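> generate a structure from the sequence data that follows.
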Amino acid sequence: WGEHSLCICNQLGEIYGYDINTHTIKFMKRAPQKVYSTLKDRQGRWWIGTRGAGLWVDGKRIEGLPSPQIYKVMEDAHGDIRVAMLQGGAVIIGEKDIKTFLKGKNCHDMIFDNQGRWWVAAEDSLYVFDTLGNKPSTQGVAAGYFVCLCKDKNGTVWAGSIGNGILKCDYSAIETRKKCYTMSNGLTNNNIYSLAEDTNGNIWAGTEDGLSAINPATGDVRNLRFPISPLSNVFNERAAVCLPNGHLIFGTHDGFIEIEPETNDINNIMPKTSITSLGINGGNAALEDTDFNYKEHNVTFNFSNFQ
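Below you'll find the model as predicted:
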């Protein structure tokens, strides 16, 4: 992977390099299992986290981890490697030992905030550790099934959950200010699988039914759906990134999508709904028939809302 390349992985264990300038894709290598996370550390070593075959660095498997179900790999300020695992909690891999946190929990994602605190998204709660790695509070920051995290340019942490939308969290030693965004606020779906911030500070969420973009300053939400295929609107967990050119890339169940946030404006045109066919008691009926007798009690119709 070069300076202008992005690492793209899939659940077949295939790893590709995507040139963000030429928009070309090149097959690089195959991993022993589904690839969920990759990392190039400051020493130039490549780490590959797999779902079922453990953690690998430069082709060598790391032994001694509590689980082979690797979801996220990242490097901290000290050069230690931190790993989130299913059924294994989170660990810190140092030069001499491996420290385990949240033992046995299903952890999906991790980030550091501007104060160096370590945030962990787990299936039972959102946890935060201090800069020394001390244990979080017993209940964590918030209860819920959290799977993805994002830190915006102001240092605010955003957490995506399954079933409860997005949690915006301003955390300090004094108080925790939280705001939740759900379908009632305009999101297209409450199952949030990926989060990314664009160059204008908007937070984009890949959901189970399209993309939602939140303007944190106004609270406005806009939604996008793609006509490529139904699966192109079902987004993959933690598969989101903002490129240096401002484009956003999201992984879906049907490949990945690259968008330009500036050109994807809200569509304010409401489609006109039209009834295309009518059926009564299992048979076809003319569309102009609007009055039915008491025996015509089984009515079906098809409709279209294409513009």
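> confirm that residue 218 sits in a helix.
No. Secondary structure assignment (DSSP: H, G, I helix; E, B strand; the rest coil) places residue 218 in coil, not in a helix.
> what is the burial count for it?
7 (other Cβ atoms under 10 Å). Where C-beta positions appear, they are placed from N, C-alpha and C, glycine not excepted.
> residue 215 too?
Under the neighbour criterion other Cβ under 10 Å, residue 215 is assigned a count of 13.
> ramachandran coordinates for it?
The phi and psi values for residue 215, taken as degrees, to the nearest 10, are phi -90, psi 110.
> from residue 202, how far out is it?
Relative to residue 202, residue 215 is positioned 6 Å away (Cβ to Cβ, to the nearest Å).
> what's the local residue count around residue 291?
5.
> so is it in a helix, a strand, or just coil?
For residue 291, the secondary structure call by three-state DSSP comes out as coil.
> residue 205 now?
Of the three states, residue 205 takes strand under three-state DSSP.
> quick one, what contacts it?
By Cβ atoms under 8 Å, 6 or more residues apart in numbering, the contact set of residue 205 is 160, 166, 187, 192, 194, 195, 211, 212, 213, 214.
> kindly report the same for residue 147.
Taking Cβ under 8 Å, 6+ apart, we find residue 147 in contact with 108, 109, 121, 123, 160, 161, 162, 192, 193, 237, 238.
> out of these, who's nearest residue 92?
Of all these, residue 92 sits closest to residue 109, with 15.7 Å by Cβ to Cβ.
> out of everything not next to it in sequence, what's closest to the closest one?
Nearest-residue entry for residue 109: residue 121, 4.2 Å, with adjacent residues in sequence omitted and distances by Cβ to Cβ, 6 or more residues apart in numbering.
> who touches the strand or helix carrying the one you found?
Counting by DSSP states H and E, the element that carries residue 121 is strand 118-122. The list of residues contacting strand 118-122 from outside it, by Cβ under 8 Å, 6+ apart, reads 76, 82, 84, 90, 101-102, 105-113, 126-129, 133, 136, 140, 146-149, 157, 159-160.
> which of these are buried?
For the contacts of strand 118-122, burial is judged from neighbour counts taken by 16 or more other Cβ atoms under 10 Å, and it is met by 76, 82, 84, 90, 101-102, 105-113, 126-129, 136, 140, 146-149, 157, 159-160.
> in this structure, which residue is closest to the centre?
Compute the mean C-alpha point of the chain, and by Cα atoms, centre = their mean the closest residue is residue 194, 1.3 Å away.
> low-scoring stretches of the protein, by residue?
Residues of the chain that meet the criterion pLDDT under 70 lie in 1-3, 131-140, 172-176, 264-273, 287-290, 303-307.
> next, count neighbours for the nearest residue to residue 166 once chain neighbours are set aside.
When the adjacent residues along the chain are set aside, residue 166 lies closest to residue 181, with 4.4 Å between them (Cβ to Cβ, 6+ apart). The burial metric for residue 181, expressed as a neighbour count using other Cβ under 10 Å, is 24.
> contacting residues for residue 181?
Taking Cβ under 8 Å, 6+ apart as the definition of contact, the neighbours of residue 181 are 165, 166, 168, 187, 214, 221.
> I'd like the next helix or strand past the helix or strand that contains residue 240.
Here residue 240 sits within strand 235-242, counting by DSSP H and E. Read in the C-terminal direction, the helix or strand following strand 235-242 is strand 248-252, with elements assigned using DSSP H and E.
> same for that following strand, what does it pack against?
Other elements packing on strand 248-252 under the criterion 3 or more Cβ pairs under 8 Å, 6 or more residues apart in numbering; DSSP states H and E are strand 192-197, strand 203-207, strand 235-242, strand 255-259.
> hmm, try it at 7 Å
When contacts are defined as 3 or more Cβ pairs under 7 Å, 6 or more residues apart in numbering; DSSP states H and E, strand 248-252 packs onto strand 235-242, strand 255-259.
> buried deepest among those, which one?
Neighbour counts (mean count of other Cβ atoms under 10 Å) averaged over each of the helices and strands packed on strand 248-252 peak at strand 235-242, with a mean of 21.
> which strands or helices does that one pack on?
Contacts of strand 235-242 with other secondary structure elements, assessed using 3+ Cβ pairs under 7 Å, 6+ apart, are made with strand 146-151, strand 192-197, strand 203-207, strand 248-252.
> which one of those strands lies closest to residue 53?
So among the helices and strands packed on strand 235-242, strand 248-252 is nearest, using Cβ to Cβ, at 20.1 Å.
> each with direction, which strands does that closest one pair with?
The strands beside strand 248-252 in its sheet (DSSP bridges) come out as strand 235-242 (antiparallel), strand 255-259 (antiparallel).
> I'd like the next helix or strand past the last one.
Going back to what we said before, that points to strand 255-259. Next in sequence after strand 255-259, counting helices and strands by DSSP H and E, comes strand 274-280.
> tell me the contacts of residue 301?
275, 277, 278, 279 (Cβ atoms under 7 Å, 6 or more residues apart in numbering).
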